[in-house]
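[1] next one to model:
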Amino acid sequence: MRARPRSSLWVRLFAAVGIITTAAGLLLLIGVAVRCAVKGGVRKTTIVEVDLTQPFATADDRDPVRQLLEPEGFTLRSLVETLDRATADERVVGLFADLGAADHGFAATQELHDAIERFRASGKFAVAYSTSFGEFGGGNESYVLASAFDEIWLQPTGSVGLTGLRADVFFVKGALDTIGVEIEFGRRSGYKTALNSFTERRFTPEHRESLTSMLQDLFDQLVASVAAGRKKSEAEVRQWIDEGPLLAPEALAKGVVDGLGYRDEVLSKVKERSAGGASLLFASRYRERAAKPSSTPHKVGLIEIVGQITAGEGWSDPIGGVSTAGADTVSAAFQMALADDSIEAILLYVDSPGGSAVASDTIWRQTVRARDAGKPVVVCMGNVAASGGYYVAAGATKIVAQPGTITGSIGVFAGKPYAREMWNDLGVTWDSVSIGKNAGMFSSIERFDAGGRERLELFLEQVYRDFKGKVVQGRGLSEAQVEALAQGRVWTGAQAKAHGLVDALGGLRTGIELVAAELGVAADELTVMELPPDRDIITQWLAGDERDNSEDGPTIRSGLHGARQHWDSALEALQGGPEQFLLMPAVDIAP
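    Just a heads-up that it's a prediction; the model follows:
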């Protein structure tokens, strides 16, 4: 066999280097072009315009792929920060927002609502416009947000889908019985209802009680918020809801909206509200152009836990907008905060429905280490911080939640499907070789035997007892108090505050104020820095396999590598790879 000429190898090498360099250069040019396009100044009379018709990005807004695909996108946090910057900016006179039926989540809606109220309290006007609040569909959240504005305009053909709250829960036990599949599981305790859809045919008493209580509290919050914003009585708002959805002329006649018009007509009226005529500036442009606050002497590290909590590294899918919070990734961020003497406290943002019990415990340990090192940890909860999402917060110095945050769910479940009968009906037979008494414990073609069931219950009891113990320790409650609040029961943020599971109601701004109080300084003396720190897009792209050489040695990877890990995990699952067994499961309730 003839050897390849050496010159050919060099040609191929240089060609590869050239391709990589060209690709990197193109990416750099794109990034520069995007940033140059938004450079400029902010005029003396500016109206900030924001589009709230699309959901917020759930992945880290520093993800390099998402920056390329959606360079002007906002996370909830970045938008609130932008609105607060505009509130203090004398050049900004007003706010104009396009609203739709996007599902931001009730707690996120409340956080935005608060930011808009702060904007108006500074003496500036805020106008909301929507083609339709749901278009003969659900528009509860978007209308609650609209109630924070001093004017609400609706397209003449639109409607207001203010209809109340409802939770429809499907139960597939009958279907599973038909195909010969049974779910074998254990839980702590009766209110841990995540598997009820697979094990029951209808609500259990505990399931119905918990869901009814939560929906009633959220409904009361909705009514109170709209009544305050529209300066109406709560009785009148309840009547709107019972008569809804409302057509545009009905909404105008009842005072649900202030005017009917098309977007161009409303924009003309908005501009007329400012003397001398104002110019509109998209919020993303304003964010780039407005001067950032100067650095202050006290630094706070911001760490985010967004998505399901998993072992190992977290990943984000920038296209699907889904992310997980990996215990190793979060631990690495804590290590950075502990190693940096200039960081005096940690702000931990949690928007997670739960996940792995062990991974949640790993993150909890990091909060304890930070507190022991003299760095206060203040948790700010997003839409959901339940089950494992509450576990990671239990050891914090202070916990903040929105009234509509879904939290609690102090409990655990574990189980597996038993599907041998299904395979038999399909004519598929199985045979096995086992070495070890409990080798078949996790097999889907074997039931739990007495020994397996005993081990399952032992694991559940240990995790449940440990979870409750951490709440007792962190919240200063008695064991009896925690048991009454636990059993897997889900609470709203307002209910959790009343029961002592959280310390204050509010959002990130409230969290910053609590951090300042812990440090004995003023809130405006704090500089919040993201951990891990932001990097430019090219650096993130090229640093996909960069490792952190901290004491514990966890790995931090970019969104690109995380997305690849996501697809690898999905492929592994399809091929019958390892399954998570012991979980503090996700809470799936969307009123």
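[2] please work out the average pLDDT along the host helix or strand of Val528.
    Element membership for Val528 (DSSP states H and E) is strand 526-530. Mean per-residue pLDDT for strand 526-530: 92.
[3] so Ser122 touches Glu90, yeah?
    No: assessed by C-beta atoms under 8 Å, Ser122 is found out of contact with Glu90, at 9.7 Å. C-beta: built from backbone N, CA, C; applies to glycine.
[4] ok, the two, which is more surrounded?
    Ser122 (13 against 8; other C-beta atoms under 10 Å).
[5] please report the distance of that one from Asp524.
    Here Ser122 is placed at a distance of 15 Å from Asp524 (C-beta to C-beta, to the nearest Å).
[6] cool, Pro532 as well?
    25 Å.
[7] pick out whichever of those two has more residues nearby.
    A direct count of neighbours by other C-beta under 10 Å for Pro532 and Asp524 places Pro532 higher, at 17 against 11.
[8] low-confidence ranges in the stretch 251-400 of the chain?
    For the stretch 251-400 of the chain, applying pLDDT under 70 flags the ranges 275-276, 292-294, 317-321.
[9] and Asn340, backbone torsions?
    Heads up, residue 340 is Asp, not Asn. Taking degrees, to the nearest 10, you get phi -100, psi 110 for the backbone angles of Asp340.
[10] which residues does it contact?
    For Asp340, the contact set (C-beta atoms under 8 Å, 6 or more residues apart in numbering) comprises Lys299, Gly301.
[11] can I get stretch 492-502 in PDB, CA atoms only?
    Extracted C-alpha coordinates of stretch 492-502, given in PDB (Å, rounded to 0.1, in the frame of the first residue of the first chain):
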ATOM      1  CA  THR A 492     -48.300  29.100  46.600                       C
ATOM      2  CA  GLY A 493     -45.600  31.600  47.600                       C
ATOM      3  CA  ALA A 494     -48.200  33.500  49.600                       C
ATOM      4  CA  GLN A 495     -49.200  30.400  51.500                       C
ATOM      5  CA  ALA A 496     -45.600  29.400  52.000                       C
ATOM      6  CA  LYS A 497     -44.900  32.900  53.500                       C
ATOM      7  CA  ALA A 498     -47.800  32.500  55.900                       C
ATOM      8  CA  HIS A 499     -46.500  29.100  57.000                       C
ATOM      9  CA  GLY A 500     -42.800  30.200  57.400                       C
ATOM     10  CA  LEU A 501     -41.400  28.300  54.400                       C
ATOM     11  CA  VAL A 502     -40.200  31.600  52.900                       C
END
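[12] only the buried residues of it, if you could.
    Within stretch 492-502, the residues that count as buried by 16 or more other C-beta atoms under 10 Å are Thr492, Gly493, Ala494, Gln495, Ala496, Lys497, His499, Leu501, Val502.
[13] what's next to that stretch, contact-wise?
    107, 213-214, 217-218, 221, 381, 390, 399-408, 471, 475-477, 481, 485, 491, 503-505.
[14] from those, which ones fall inside strands?
    If you go by DSSP state E, the contacts of stretch 492-502 have Met381, Ile399, Val400, Ala401, Ile406, Thr407, Gly408, Trp491, Ala504, Leu505 in strands.
[15] so can I have JSON lines of these showing distance to Arg202 and neighbour count?
    JSON lines is the format used below for the ones in strands among the contacts of stretch 492-502 (distance: C-beta to C-beta, whole Å; neighbours: other C-beta atoms under 10 Å):
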{"residue": "Met381", "distance to Arg202": "31", "neighbour count": "29"}
{"residue": "Ile399", "distance to Arg202": "34", "neighbour count": "29"}
{"residue": "Val400", "distance to Arg202": "36", "neighbour count": "28"}
{"residue": "Ala401", "distance to Arg202": "31", "neighbour count": "34"}
{"residue": "Ile406", "distance to Arg202": "22", "neighbour count": "32"}
{"residue": "Thr407", "distance to Arg202": "26", "neighbour count": "29"}
{"residue": "Gly408", "distance to Arg202": "23", "neighbour count": "30"}
{"residue": "Trp491", "distance to Arg202": "23", "neighbour count": "26"}
{"residue": "Ala504", "distance to Arg202": "38", "neighbour count": "16"}
{"residue": "Leu505", "distance to Arg202": "34", "neighbour count": "17"}
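[16] now distance to Asp84 too, for these, in CSV please.
    Formatted as CSV, the ones in strands among the contacts of stretch 492-502 follow (distance: C-beta to C-beta, whole Å):
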residue, distance to Asp84
Met381, 19
Ile399, 22
Val400, 16
Ala401, 20
Ile406, 25
Thr407, 25
Gly408, 29
Trp491, 29
Ala504, 18
Leu505, 18
